[in-house]
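Asker: dropping the sequence and predicted coords here.
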Amino acid sequence: MGNGFGEKLRAERLERGLTQAELGRDLYSPSYISLLETGRREPTADVIEELARRLELAPKALEAWSQPISVSDAEYVLAGLYARQAWDLRDYALAAEHAAAAARIALEGKNTSAWWNMTYMQAECLMKQGQLKECQKIMEHLLEHPMATESAGLGVRARQMLAALCHGQGQLGAAVEHAQLAVEQCAQLPKGSTLIIGALRALIGALAESGRLDEAWTYCQDMNEQMDEQSMSQLAGEVAWVIGNVAFMRHDYPEGIRHHERAAKLLSPANDIDLWARFNKASAAVRLSSGIVEPETLSAIERAELALSIVGGNKTDQLEVAFIRARWLYLTGDIVAAVQKLREIHTERAALAKHTAGEVSLLLGKSLKAAGEAEEALVLLQEAQKEFSAAGAQDRVQQALDAMLEIRLAQRRAEAAEAS
């Protein structure tokens, strides 16, 4: 059948903001839709007609989907298939190479839709490897393409990823801006679309990290209203996870615990172990940030460490999970072990986003203060202040200043006592 069907199906689905499950609904499973899109399963005439109807395509589109395969089509299908196989094996470097090759073939064949999708996949692979600057260049290029303007779905996907990339690099102001634009563009998508949920998640995360918690909470309510009884459990779990995060950050601990317990029930490692790892990492992090030191927090840390050992993760992932363990050590009073672990993380903090690097410097400063190393603690706290300022996290800047003030006041009291 050629690459026409699978790639066209994927492109049309994504442009409408539909998941594979939403497109298949009562007739076709998500795995079957995936097999069709990757060319690993040939559709029957009835399947083609039904899917075209669901996508509201004109009948003439069916003829284009069914054209005989050409040499360039075959090369594209093969490169795309290799890219997805490498992705499934979590070999993101290899997947990026094959996706880039597929994109070049599509561009030479003037298949713009296929070029856009495979270039987006290449960017996703770079993001998985932590190559955020390279990924950002690609996404900015895709966003400038007319397709991102003509298709609300593609425009939202590009803006959402740019928001995540800026967030990951500590550019919180830019992250908020891109996410807000994505949310505005979502007005053209059907209610409950996963793209709407994704755009809202990106905006909520950037606002929360910027200290704009009331705004983040308002968008949490908007996101919750997108859900209904037909929503998939995995998606509902992700929504509960995000709402719980913001609740913890607002010091509404009962609400945070309630939503995270719901997320833990809905998210399954069997469905997506990478997502499960990120949830447990996030749950442990917000609990510790709120000072909640209890068995469930430790269990979340251990689950995150276990999942990371399975999926691998890039350097940033490893440092973030190590930092969560260091915070646990600090809060449970094992200051010596906390300082040792934080020093190790601190030497590699360049791999972290600015606001996360600031958190490492802040906690190391507090740990050194607890260990009686006031002068070194001040150096780290000043470093944290600068990193938070660069990230636009003003509430964290104040935390660093408060910690520095405590040390200086204690020093003055000690000097006054000696003088007397």
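Answerer: The structure has been received and is ready for your questions. Numbering: from 1, shown residues only.
Asker: list the buried residues in stretch 236-255.
Answerer: Across stretch 236-255, burial judged by 16 or more other C-beta atoms under 10 Å covers 236-250, 252, 255. Yep, even glycine has a C-beta here, placed from its N, CA and C like the rest.
Asker: which element follows the least confident helix or strand in the chain by mean pLDDT toward the C-terminus?
Answerer: When the helices and strands of the chain are compared on mean pLDDT, DSSP states H and E, helix 60-65 comes out lowest with a mean of 55. As assigned by DSSP states H and E, the chain's next helix or strand after helix 60-65 is helix 71-88.
Asker: any weak-confidence spans in the chain?
Answerer: Along the chain, segments meeting pLDDT under 70 span 1-4, 15, 17, 56-73, 229-231, 420.
Asker: and the residue nearest in space to the middle of it, how far from residue 53?
Answerer: Nearest residue to the geometric centre of the chain (C-alpha atoms, centre = their mean): residue 164, 6.1 Å. Noted for residue 164: a distance of 34 Å to residue 53, by C-beta to C-beta, to the nearest Å.
Asker: which residues in the stretch 101-250 of the chain form helices?
Answerer: Along the stretch 101-250 of the chain, counting by DSSP state H, counting those that start in this stretch, helices occupy 112-128, 132-144, 146-150, 152-168, 172-185, 194-209, 213-225, 233-249.
Asker: which strands or helices does the first one pack on?
Answerer: Contacts defined by 3 or more C-beta pairs under 8 Å, 6 or more residues apart in numbering; DSSP states H and E place helix 112-128 against helix 3-15, helix 71-88, helix 92-108, helix 132-144, helix 146-150, helix 152-168.
Asker: now it, how far from the chain's geometric center?
Answerer: Helix 112-128 sits 16 Å away from the centroid of its parent chain (C-alpha atoms, centre = their mean, to the nearest Å).
Asker: repeat that for the fifth one.
Answerer: Shown here is helix 172-185, whose average C-alpha point lies 14 Å from the average C-alpha point of the whole chain (C-alpha atoms, centre = their mean).
Asker: what residues sit buried inside that helix?
Answerer: By 16+ other C-beta under 10 Å, the buried positions in helix 172-185 come out as 172, 174-183, 185.
Asker: now, which of those residues sits nearest residue 90?
Answerer: Nearest to residue 90 among the buried residues of helix 172-185, counting by C-beta to C-beta, is residue 175 at 25.8 Å.
Asker: could you verify my assumption that the closest one touches residue 204?
Answerer: No - the pair residue 175 / residue 204 is not scored as a contact, 11.0 Å apart, by C-beta atoms under 8 Å.
Asker: distance to residue 22 for the helices and strands packed on helix 112-128 - can I get that in a markdown table?
Answerer: Converted to a markdown table, the helices and strands packed on helix 112-128 look like this (distance: least, C-beta to C-beta, whole Å):
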| stretch | distance to residue 22 |
| --- | --- |
| helix 3-15 | 8 |
| helix 71-88 | 20 |
| helix 92-108 | 24 |
| helix 132-144 | 23 |
| helix 146-150 | 21 |
| helix 152-168 | 12 |
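Asker: sorry, back to before: residue contacts, the residue nearest to the centre of the chain?
Answerer: Applying C-beta atoms under 8 Å, 6 or more residues apart in numbering, we find residue 164 in contact with 127, 175, 202.
Asker: one more time with 7 Å
Answerer: Neighbouring residues of residue 164 by C-beta atoms under 7 Å, 6 or more residues apart in numbering: residue 202.
Asker: make 11 the starting number, not 1.
Answerer: I'll keep to 11 as the first residue from here, and by that count the last item is residue 174.
Asker: report the separation between it and residue 216.
Answerer: Residue 174 sits 9 Å away from residue 216, taking C-beta to C-beta as the criterion.
Asker: was I right about residue 325 contacting residue 141?
Answerer: No - contact criterion C-beta atoms under 7 Å: residue 325 and residue 141 do not qualify, at 10.8 Å.
Asker: so if I had to pick from those two, which one is more boxed in?
Answerer: The residue with more neighbours, out of residue 325 and residue 141, is residue 141; 17 against 13, by other C-beta atoms under 10 Å.
Asker: how about residue 24: what's its closest non-neighbour residue?
Answerer: Distance criterion C-beta to C-beta, 6 or more residues apart in numbering; nearest residue to residue 24, sequence neighbours excluded, is residue 163 at 5.6 Å.
Asker: tell me how many other residues surround residue 423.
Answerer: By other C-beta under 10 Å, 10 other residues sit near residue 423.
Asker: quick check: which element contains it?
Answerer: Residue 423 belongs to helix 404-429 when assigned by DSSP H and E.
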